[in-house]
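A.B. asks: I would like the atomic coordinates for the input below:
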Amino acid sequence: SVATKKPENAQVVALGTVISVVLSLSPEIFDLIGHWRRGRLRSATAWTECEEVVLRLAKVSCAVCANKVRKIAEKHPSVIRCDVDIDRGEASVRLSGNGDV
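C.D. replies: The predicted structure follows:
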């Protein structure tokens, strides 16, 4: 049940909550869709056969640059995921054990 002082507003509050949750999860949802479309979703066992490499980045100071770095890295067939941390100046790249880098 939805906690509200006016019961007639319960549906509106519930809808707002659902929209809020969906919007907060949208980056992860789009990431999964992107990997699925590129055929990179693997079984749960494949995720454990990965290696993670942390790269230092220079001159990556905004979200646009970070997104470009991520997209370029994820084009490589051995890259499963790339996360860019602007504050640390690092890119965490998860590689599959199935290919050459």
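
A.B. asks: Would you agree Val53 is in contact with Val93?
C.D. replies: Yes - look at Val53 against Val93 with C-beta atoms under 8 Å: they come within range, at 4.9 Å. Where C-beta positions appear, they are placed from N, C-alpha and C, glycine not excepted.

A.B. asks: neighbour-wise, which of these two wins?
C.D. replies: Using other C-beta atoms under 10 Å, the more surrounded residue of Val53 and Val93 is Val93, with 24 against 12.

A.B. asks: Please, which helix or strand holds the more buried one?
C.D. replies: Using DSSP states H and E, the element containing Val93 is strand 90-96.

A.B. asks: could you dump that strand to CSV, C-alpha only?
C.D. replies: Provided in CSV are the C-alpha atoms of strand 90-96 (Å, rounded to 0.1, in the frame of the first residue of the first chain):
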residue,chain,number,x,y,z
GLU,A,90,40.4,6.0,-14.3
ALA,A,91,38.7,3.5,-16.6
SER,A,92,37.8,0.1,-15.3
VAL,A,93,37.7,-2.3,-18.2
ARG,A,94,36.3,-5.8,-17.9
LEU,A,95,37.7,-8.2,-20.4
SER,A,96,36.4,-11.6,-21.5
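
A.B. asks: Could you pull out the buried residues of that strand?
C.D. replies: The neighbour-count check on strand 90-96 (16 or more other C-beta atoms under 10 Å) flags Ala91, Val93, Arg94, Leu95, Ser96 as buried.

A.B. asks: Quick check: mean pLDDT of the helix or strand Thr17 falls within?
C.D. replies: Using DSSP H and E, Thr17 sits within helix 10-37. On average, the pLDDT along helix 10-37 is 72.

A.B. asks: dump the residue contacts of Leu57.
C.D. replies: Val69, Val84, Gly89, Glu90, Ala91 (C-beta atoms under 8 Å, 6 or more residues apart in numbering).

A.B. asks: one more time with 6 Å, if that's ok
C.D. replies: Contacts for Leu57 (C-beta atoms under 6 Å, 6 or more residues apart in numbering) come out as Gly89, Ala91.

A.B. asks: Give me the distance between it and Pro27.
C.D. replies: Per C-beta to C-beta, to the nearest Å, Leu57 is found 20 Å from Pro27.

A.B. asks: just Leu55 next, same as before
C.D. replies: 21 Å.
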